[in-house]
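Novice: sequence and predicted model, in that order:
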Amino acid sequence: MRHRILALLALVVVATPAFAETRVTPATFVFAKPGTTTRDQAVKLAGTPTEEYESEVLQGETEIDVVRTNPARHIDLTVRSEKSGRRIERVKVAHWRDDVDTSLFATLVFRDGKLAWAIVPVSESESTKQKLLDRYGDIPKTSSEPRVKGDLRIERTTYAFPARGVTYVQRGDEKITHKVIYAPLE
């Protein structure tokens, strides 16, 4: 009897697939090239996204916080569309969240089947404004805006290099944690 139980346990251990842990690192998403990368390529190289959904954005806009479209968001986009004369576009969003460090994530946004922009973690060499100055040799276009999360008001600062197609995002006094990759702007 004991041998049968041990044999069954051995069979269960061998037959149970190992848990595939999702890890989100700067190197994981180095392949992301706006205008070129497809969703299928992203899944092949980075694994299955944690979640996927459709959303809406204004034509030509690159949003850092791409959320699911809901009635309030749709109304806001409609008003902004009418004021700006830009149309509302549908995009597909693929989102990966790290299983160990849940502050790490990557979001890839696809328009017409190709990567429109990506929000990915930064490497240590991109984690402060000084390191960006050292890396690029020029001063980024900097802007700040307050963000409200519950009862907290957090300043979000962006450091943009539009001609290079990259903007870095810093929340509050923390290090820079993510960058937005998009087609370079002239």
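Specialist: Received the coordinates, thanks. Every value quoted in this text rests on a predicted model; they were computed, and no experiment measured them.
Novice: per the record, what domains does the chain have?
Specialist: What automatic domain parsing lists as the domains of the chain is 20-120, 122-186.
Novice: contacts only, for the residue most central in space within the chain.
Specialist: Nearest to the mean C-alpha position of the chain, by Cα atoms, centre = their mean, lies Thr107 at 2.4 Å. The contact partners of Thr107, taken as Cβ atoms under 8 Å, 6 or more residues apart in numbering, are Val66, Val93, Ala94, His95, Trp96, Ala118, Ile119. For every residue, glycine as well, the C-beta is placed using N, CA and C.
Novice: for the fourth one, which residues are in contact?
Specialist: Going back to what we said before, that points to His95. Shown in contact with His95 (Cβ under 8 Å, 6+ apart): Pro49, Thr50, Glu51, Glu52, Tyr53, Phe105, Ala106, Thr107, Leu108.
Novice: hmm, 7 Å instead?
Specialist: Residues counted as contacts of His95 (Cβ atoms under 7 Å, 6 or more residues apart in numbering) are Pro49, Thr50, Glu51, Phe105, Thr107.
Novice: mind listing the helices in this protein by residue range?
Specialist: Along the chain, the stretches classed as helices by DSSP state H are 2-15, 39-46, 71-84, 129-136.
Novice: what segments of the protein are strands?
Specialist: With DSSP state E as the criterion, the chain has strands at 51-58, 88-97, 105-111, 114-121, 141-149, 152-161, 166-171, 176-182.
Novice: next, the angle from the last one to strand 152-161.
Specialist: For strand 176-182 and strand 152-161, the angle between their directions (axes from the mean of the first three to the mean of the last three Cα atoms, to 10 degrees) works out to 50 degrees.
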